[in-house]
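K.L.:
fold the following and give me the result.
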Amino acid sequence: MNEEYAVNSANTGTPVSDQNAFPFLEMGTSFVIGLAIGYFMKKFFKILLLILGLGLVILFVMESQGVSTVNEQALENGVSAGVDSFKGLVTMLKDRLSSMNLSSGAGAVAGFFAGLKFG
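P.N.:
Sure thing, here's the model as predicted:
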């Protein structure tokens, strides 16, 4: 049997070469742009939380050893300001993606949310 026309495992009779390993590449350009931005934002947020959590654990360990003291109100205000900044960034990106051409704006926003889901 010719490898180019090998039948897939579901026995549908369609050639294997017609099946795309990356279904997102068949979407529009705006969807792929939104997907990339959403994926990046989710990974960036996870790394940011990892660094913040590590810093807080080190700070609390230092406090328990008597090396430093923690001003809890300043800590809460700093974290709140960071969360507000991140929300503003996400809102700005969603607005920018939705302001693309009318037909591609919906695809870009859908790609953004798909990137958040798969990231």
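
K.L.:
can you pull out the low-pLDDT segments for this protein?
P.N.:
Across the chain, residues meeting the criterion (pLDDT under 70) sit at 1-26, 101-103.

K.L.:
those helices in it, which residues are they?
P.N.:
With DSSP state H as the criterion, the chain has helices at 29-64, 72-98, 102-118.

K.L.:
got those as CSV, with mean neighbour count columns?
P.N.:
To be clear about C-beta, it is placed using only N, CA and C from the backbone, and glycine gets the same treatment. Formatted as CSV, these follow (neighbours: other CB atoms under 10 Å):
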stretch, mean neighbour count
helix 29-64, 15
helix 72-98, 12
helix 102-118, 18
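
K.L.:
need the contact list for the residue nearest to Phe113 when sequence neighbours are not counted.
P.N.:
Ranked by CB to CB, 6 or more residues apart in numbering and with sequence neighbours excluded, the top spatial neighbour of Phe113 is Gly38, at 6.3 Å. Neighbour list for Gly38: 111-117, 119 [criterion: CB atoms under 8 Å, 6 or more residues apart in numbering].

K.L.:
10 Å instead, please
P.N.:
90, 93-94, 97, 108-119 (CB atoms under 10 Å, 6 or more residues apart in numbering).

K.L.:
nearest to Leu49 among those?
P.N.:
The shortest approach to Leu49 among the contacts of Gly38 belongs to Gly119, at 13.2 Å (CB to CB).
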